[in-house]
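> Just the structure for this:
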Amino acid sequence: MDRVIVYPAQVIADTDTLIAQRNTERAIGQAVAMSMGGPGPFASGLAATCSGSDMVVNVGSGQINEGATADSSAYGTLAADSSIIMRQYTAVATSFTLTAATTALTYYIYATVGLNDTGSTMLRYLDAADNTKTLSGEDDTGTAQPTQRTAVATVTISTTTPPANAIALWRIDLPANATSVTQAMISLDNDSLFYPKIPALAPKVSPTFTGTPTAPTPAAGDSSNLLATTAFITNWSAGNLLQSDIYFGPTASAGGYNVLQISVESRTKFLIVELSGGGGGGGGAPTCSSTQGGTGGGGGAGGYCRFLVDVSKIQWPVTATLGAGGRGGQSSSTAMTGNAGGSAAFGSMVVVTGGFGGLVAQGGGVAIIGGAGAGGSVQVTTATGITVLNSATGQSGFSGHVSGVSENYFFGYGGAGGARAPYYAGGWESGSGETGKPGDPGGGGSGSCVAPSGTYKNGGDGGPSWLTVTQYG
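Below you'll find the predicted structure:
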């Protein structure tokens, strides 16, 4: 909504007030149009009633909202405005007395809308020639001027169909020789004119429940329109998902293995299991002389297997073993290869090995390359109750690169760790003088890089092995 700005001690012009009122009408109309979803017409009130004992039809007061020209003629000293706005027109209550005939008649009640300048008053004006006096009217002739522009809906009745610019309201089908009008003879002549009010919609569209309402849970496969609880909907839409858990091995700095006992619910029919080995650590670059540079390759990602387990064919609980991620090369004065990631096992049935650690290169010359660690592998030792869905060797790490040592310029980085797709990434490349970056679970750590005369930097740790167990009924 646009607003007029005025300032202290400013001489206020008549147009300031007129513009503000025009802007207000426009804003209210836009709000109505947005709420109703169109330009109208929409109506409220205007109920057509009768007593049933005479020929009189009463139409109540009401409002009609309709798109219209803002001002087809000047509004005070403001020029006419041909833009379209949503305007509300007001209708006063009125009554009509019908006349019967020897043949049946149809009466039409309709409304026409428009603007009327009313409130004609003789206004006092400041006399510009003598500011101690006032003028009677604008030209001191006592001529009255309108003081209000009203939006009026005029309700009319006719036995002919409404004109094109009219808004149809009601029709009355009067039988021949009728002596009274009944409510059954009156019907709506415009189905799109009247809309339910918001309070009337709420109980139908969005009822308010209090307390803790409950409902029965239909049987699986029930596609009726009965009220259903979320218990049914959730189980049906998720393929009867019962539970999903994820477990991780120790961090690379902690080392070792986590040993778990995996059990299933009594309702469980099968599992989807995902298993990944730990990521290998990145190579750690050593302290270098002024004529040497050093770089480490990234560690490889752990092997990965996704498989279905028929719980009826497996002895429960199953022991799962999850190894730590491989420690990044802890370099000092000498280069240190990254450590391999720990393996992961689901019983003795499926084993995935961890990724290998990244290698390290140190030297001068045109270029040197720090070798990358290979990815881990997958071993399935039994087919009883196990159906492999996806399996993959872990992604290898990326080589570290150094160039320009002997050419008196230097460029280098530690290689990125291998990613454990589809969920986790390896540690990203490390620039010169940076420690290697750790990998996400199952991902390899990145190698470090040291420039000539630089101090050693450790390789990034590989991410731990991991296991997900999802139970279905």
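> and stretch 88-106, C-alpha only, in PDB?
The C-alpha trace of stretch 88-106 is given here as PDB (Å, rounded to 0.1, in the frame of the first residue of the first chain):
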ATOM      1  CA  GLN A  88     -17.000  -2.100  -2.400                       C
ATOM      2  CA  TYR A  89     -20.400  -0.700  -3.200                       C
ATOM      3  CA  THR A  90     -23.100  -0.400  -0.500                       C
ATOM      4  CA  ALA A  91     -26.800  -1.100  -1.000                       C
ATOM      5  CA  VAL A  92     -29.600   0.000   1.300                       C
ATOM      6  CA  ALA A  93     -32.500  -2.200   2.200                       C
ATOM      7  CA  THR A  94     -35.400  -1.900  -0.100                       C
ATOM      8  CA  SER A  95     -38.800  -3.500  -0.800                       C
ATOM      9  CA  PHE A  96     -40.700  -4.300  -4.000                       C
ATOM     10  CA  THR A  97     -44.500  -5.000  -4.400                       C
ATOM     11  CA  LEU A  98     -45.100  -7.400  -7.200                       C
ATOM     12  CA  THR A  99     -48.100  -7.300  -9.500                       C
ATOM     13  CA  ALA A 100     -49.800 -10.600 -10.600                       C
ATOM     14  CA  ALA A 101     -51.000 -11.300 -14.100                       C
ATOM     15  CA  THR A 102     -53.200 -13.900 -15.700                       C
ATOM     16  CA  THR A 103     -50.100 -15.600 -17.000                       C
ATOM     17  CA  ALA A 104     -47.000 -16.700 -15.100                       C
ATOM     18  CA  LEU A 105     -44.300 -14.000 -14.700                       C
ATOM     19  CA  THR A 106     -40.600 -14.000 -13.900                       C
END
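> Not counting that stretch itself, show me its contacts.
Applying C-beta atoms under 8 Å, 6 or more residues apart in numbering, the external contacts of stretch 88-106 come out as 28-29, 32, 45-46, 55-66, 107, 109, 111, 113-114, 150-155, 157, 159, 171-179, 181. Glycine gets a C-beta too; all of them are placed from N, C-alpha and C.
> What is the neighbour count of Gly473?
15 (other C-beta atoms under 10 Å).
> tell me the contacts of it?
Contacts of Gly473 by C-beta under 8 Å, 6+ apart are 235, 240, 242, 265, 267-269.
> To be precise, which single item in those has the lowest pLDDT?
Of all those, Asn235 carries the smallest pLDDT score, 51.
> Okay, domains of this structure per the record?
With automatic domain parsing as the criterion, the domains of the chain are listed as 14-204, 241-472.
> So what would you say the end-to-end distance of the last one is?
Its first and final residues considered, domain 241-472 spans 5 Å by C-alpha to C-alpha, to the nearest Å.
> same check, this time on stretch 132-150
34 Å.
> Tell me which helix or strand Glu434 sits in.
Using DSSP states H and E, Glu434 maps to neither a helix nor a strand.
> quick one: contacts for it?
Contacts of Glu434 (C-beta under 8 Å, 6+ apart): 414, 448-449, 457.
> which phi and psi does Lys95 have?
One thing to correct before we go on: residue 95 is Ser, not Lys. Dihedral pair for Ser95: phi -130, psi 150, per degrees, to the nearest 10.
> so it bridges to which residues?
Counting by DSSP bridges, Ser95 is bridged to Asn58.
> Which strand or helix spans the closest residue to Gln30 other than its chain neighbours?
With sequence-adjacent residues excluded and distances taken as C-beta to C-beta, 6 or more residues apart in numbering, Gln30 is closest to Met86, at 6.6 Å. Assigned by DSSP H and E, Met86 belongs to strand 81-91.
> quick check: mean pLDDT across that strand?
Across strand 81-91, the average pLDDT comes to 91.
> How about stretch 288-304?
94.
> repeat for stretch 337-357
Here the average pLDDT along stretch 337-357 is 96.
> what comes up buried for it?
Using 16 or more other C-beta atoms under 10 Å as the test for burial, stretch 337-357 gives 337-347, 349-357.
> Alpha carbons of that stretch, in CSV - could you do that?
Provided in CSV are the C-alpha atoms of stretch 337-357 (Å, rounded to 0.1, in the frame of the first residue of the first chain):
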residue,chain,number,x,y,z
THR,A,337,52.7,-43.5,4.9
GLY,A,338,49.1,-43.3,6.1
ASN,A,339,47.7,-46.3,8.0
ALA,A,340,45.0,-48.6,6.5
GLY,A,341,41.4,-48.3,7.6
GLY,A,342,39.9,-51.0,9.8
SER,A,343,37.7,-53.7,8.4
ALA,A,344,34.0,-54.2,9.2
ALA,A,345,32.1,-57.5,9.5
PHE,A,346,28.6,-58.7,9.8
GLY,A,347,29.1,-61.9,11.6
SER,A,348,31.4,-64.1,9.5
MET,A,349,29.0,-63.7,6.5
VAL,A,350,30.1,-60.4,5.0
VAL,A,351,33.4,-58.6,5.5
VAL,A,352,34.6,-55.4,3.9
THR,A,353,38.2,-54.2,4.3
GLY,A,354,39.4,-50.7,5.0
GLY,A,355,41.1,-48.5,2.4
PHE,A,356,44.9,-48.4,2.2
GLY,A,357,46.9,-45.4,3.4
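> Off-centre distance for that stretch?
41 Å (C-alpha atoms, centre = their mean, to the nearest Å).
> mind showing which ranges of the chain have poor pLDDT?
In the prediction, the chain carries residues with pLDDT under 70 at positions 198-210, 213, 215, 217-239, 331-333, 407.
> picking up where we left off before, out of the contacts of Gly473, the closest to Ser465 would be?
Thr268 (23.7 Å; C-beta to C-beta).
> What is the burial count for the residue nearest to Gln30?
So Met86, with other C-beta under 10 Å, has 23 neighbours.
> My read is that it contacts Glu66, right?
Yes. In this structure Met86 lies within contact range of Glu66 using C-beta atoms under 8 Å: 7.3 Å.
> Can you check which residues contact both of the two?
What both Met86 and Glu66 touch, as defined by C-beta under 8 Å, 6+ apart, is the set 39-40.
> tell me the secondary structure for the residue located most distally from the centre of the chain?
Distance from the C-alpha centroid of the chain, by C-alpha atoms, centre = their mean, peaks at Asp130 (66.7 Å). Here Asp130 is recorded as coil under DSSP: H, G, I helix; E, B strand; the rest coil.
> What of the one 5 residues further on?
Going by three-state DSSP, the secondary structure assigned to Leu135 is strand.
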